[in-house]
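Asks: need a structure here:
(2 chains)
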Protein chains: 2
Amino acid sequence: MIDRLIEKIRKTNAPIVVGLDPMLSYVPEQIQRVAFEQFGETPEGAAEAIWQYNKGIVDAVCDLIPAVKPQIAMYEQFGIKGLKAFQKTVDYCHEKGLVVIGDVKRGDIGSTSAAYATGHLGKVQIGSKSYAAFDEDFATVNPYLGTDGIKPFVDVCREEKKGIFILVKTSNPSSGEFQDRLIDGRALYEYVGEKVTEWGAHCIGASGYSAVGAVVGATYPEQGKILRKLMPKSFILVPGYGAQGGQGKDLVHFFNEDGLGAIVNSSRGIIAAYKQDKYKEQGITPENYADASRMAVEDMIADIAGALQNR
Amino acid sequence: MIDRLIEKIRKTNAPIVVGLDPMLSYVPEQIQRVAFEQFGETPEGAAEAIWQYNKGIVDAVCDLIPAVKPQIAMYEQFGIKGLKAFQKTVDYCHEKGLVVIGDVKRGDIGSTSAAYATGHLGKVQIGSKSYAAFDEDFATVNPYLGTDGIKPFVDVCREEKKGIFILVKTSNPSSGEFQDRLIDGRALYEYVGEKVTEWGAHCIGASGYSAVGAVVGATYPEQGKILRKLMPKSFILVPGYGAQGGQGKDLVHFFNEDGLGAIVNSSRGIIAAYKQDKYKEQGITPENYADASRMAVEDMIADIAGALQNR
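Replies: Sure thing, here's the model as predicted:
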């Protein structure tokens, strides 16, 4: 799957991923109205609204990008109905040929971690039959529990040709509370980065990259530089671009010399672009919100390409 | 909710929680057969089987125990149908008066963490209405992302009178890879433990205990001793008893002098007790699997009570 992601990045010339993290407050009023007229102000209505909103965005940007990253929390908050909208979104993105990174940040141990891996990336055995449940292509995973938590995911990745991105240095302001703690002079995130390399050593694809990648926030470019070297064969999923403050120039050190090795996420900056003055001035209204998402994707591709050219 | 948990522990005289982590391989054949006859060897059939299995166990033990801890991964692996069985299990345990600890190990940042907190412990706003989704009483949470990940949960706990247990020192063999790393001579888990105390300082109930608790594995009694002192007002949820190797005598240091402060989980040891020779010799067959669960709960209560008397 890492090879397929790279192939798609090369084809689109866009090392970016659109985060499908729909807050109900992002969904334009006309979409909410139709959904609530049909299903009421209910979890079903909310799920319909975010699904229609997602569909509009995916239709508008799918030819420009290699991948999407739906954030399951935004669906899970609406319970079963919300998770159905998550499932529908994953399936629809697959129909459109997109690689789907499930931002699920799961992590447990042994058979429990195996169950998460099965549910998101693998197939579950039921009697004589087997079924895929959510069936994303990649999942994000939390490393706090160590190898016992990661290995079941790696096993499923190898069987099913899927991939994971392990949280190493996250984009948020308080990520340093534990991740930056110094152990014999080196930060915890460096030890986690070394483990990412170790865990991914036996799942290197034809591209030379491993199915085991890492999450490192755009908001921490210096740490990105260190981690890029510690994990030469791991793709880095980079959140924190745009709304969280990261810019193209902060990103160059997340990439390898081959111009690969990183994929940058933007969520709000793309999916709620229609709320930005910049796009309003270009004639965007809530009715054509998806056009703003397309413009924002084009701007992001140009920003990153420019930064990589000037490195 | 922490006060209610304590009240229930006092009433049952049982500081234990039964982990409802149904593997399909635990479900007795006669239950699987009926479910598969009705729904086929499908996710729906599997969900029906684990739900019926759970119901049998809950009916058999609910008067003996204060709380249950369904592990969502075991349901999530079957996708939407499995999560419906999770929801049904949570609702049924509430009907039976049990406190429900959702073992979900979620953790993200900002609005995303808020969405998880909303989905599992709070209410989601949809237009002019609000709805509870999974509506557990407690949730387990991963601390790797720091305060940004925890605060949204604490906020929901205060609003909704719910609680969380934060992973501090987990029961698995590799938990030390990161959690035991020494920072200025003290282990990472100690720093996390201190943060648990800090995060929970403003949600102390009438019982004197905080709504913010911690997870510390029974397999690490020495670390439990240290953490008990670092987090005097936090309840400790203790996994790793029974099948993972922890015994009653390992548990005494997890409790405070008041005999409170810890709740010990057993999953496989209770729900799949019918597979143990010990219970087979007492006439247990797969048909009366739930009777074995009741016997195992009684044995566990006696083991812990004995250990606490001899401390």
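Asks: Which stretches in the stretch 51-200 of chain A count as strands?
Replies: Secondary structure of the stretch 51-200 of chain A (DSSP state E, counting those that start in this stretch): strands at A:67-70, A:99-106, A:123-126, A:129-132, A:138-141, A:163-169, A:182-183, A:186-187.
Asks: Any part of the fifth one near chain B?
Replies: Just to be clear, that refers to strand A:138-141. No - judged by Cβ under 8 Å from any Cβ of the partner chain, strand A:138-141 makes no contact with chain B; its nearest approach is 9.3 Å. For every residue, glycine as well, the C-beta is placed using N, CA and C.
Asks: Just give the strands next to that strand in its sheet, each with its orientation.
Replies: The strands that strand A:138-141 pairs with in its sheet are strand A:99-106 (parallel), strand A:163-169 (parallel) (by DSSP bridges).
Asks: Tell me which of those strands sits most buried.
Replies: Across the strands paired with strand A:138-141, averaging neighbours per residue (mean count of other Cβ atoms under 10 Å in any protein chain shown) puts strand A:163-169 on top, at a mean of 29.
Asks: For residue A:257, report the pLDDT, please.
Replies: On the pLDDT scale, residue A:257 is placed at 89.
Asks: helix or strand for it, which one?
Replies: Following DSSP states H and E, there is no helix or strand that holds residue A:257.
Asks: Count the neighbours of residue A:74 for me.
Replies: Per other Cβ atoms under 10 Å in any protein chain shown, the neighbour tally for residue A:74 reads 26.
Asks: residues near the closest residue to it other than its chain neighbours, how many?
Replies: Of all residues not flanking residue A:74 in the chain, residue A:21 sits nearest, at 4.9 Å (Cβ to Cβ, 6 or more residues apart in numbering or on different chains). Residue A:21 has 25 neighbours, counted by other Cβ under 10 Å.
Asks: so residue A:21 sits right up against residue A:272, yeah?
Replies: No - Residue A:21 is beyond contact range of residue A:272, at 9.5 Å (criterion: Cβ atoms under 8 Å).
Asks: Let me have the strands paired with strand A:138-141 in CSV, extended by mean pLDDT.
Replies: Formatted as CSV, the strands paired with strand A:138-141 follow (pLDDT from 0 to 100):
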stretch, mean pLDDT
strand A:99-106, 98
strand A:163-169, 98
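Asks: tell me the pLDDT at residue A:243?
Replies: Listed pLDDT for residue A:243 reads 65.
Asks: List the residues that contact residue A:255.
Replies: A:15, A:228, A:261-262, A:308, A:311 (Cβ atoms under 8 Å, 6 or more residues apart in numbering or on different chains).
Asks: These also near chain B: which ones?
Replies: Among the contacts of residue A:255, none lies close to chain B by the criterion of Cβ under 8 Å from any Cβ.
Asks: can you confirm residue A:37 is in a helix?
Replies: Yes - counting by DSSP: H, G, I helix; E, B strand; the rest coil, residue A:37 falls inside a helix.
Asks: That one: how many residues sit nearby?
Replies: Count around residue A:37 with other Cβ under 10 Å applied: 9.
Asks: Report the separation between it and chain B.
Replies: Using Cβ to the nearest Cβ, to the nearest Å, residue A:37 is found at 11 Å from chain B.
Asks: follow-up on the earlier one: go through the strands paired with strand A:138-141 and name the closest to residue B:141.
Replies: With Cβ to Cβ as the criterion, residue B:141 lies closest to strand A:99-106 of the strands paired with strand A:138-141, at 11.1 Å.
Asks: which SS class is residue A:215?
Replies: From three-state DSSP, the assignment for residue A:215 is strand.
Asks: what bridges to it?
Replies: Residue A:215 has the following beta-bridge partners by DSSP bridges: residue A:167, residue A:237.
Asks: and it, how many residues sit next to it?
Replies: Residue A:215 has 25 nearby residues by other Cβ under 10 Å.
Asks: Then residue A:47?
Replies: By other Cβ under 10 Å, 24 other residues sit near residue A:47.
Asks: Identify the residues contacting it.
Replies: A:75, A:78, A:81-82, A:84-85.
Asks: Equivalent analysis for residue A:29, please.
Replies: Residues in contact with residue A:29 (Cβ under 8 Å, 6+ apart) are residue A:286.
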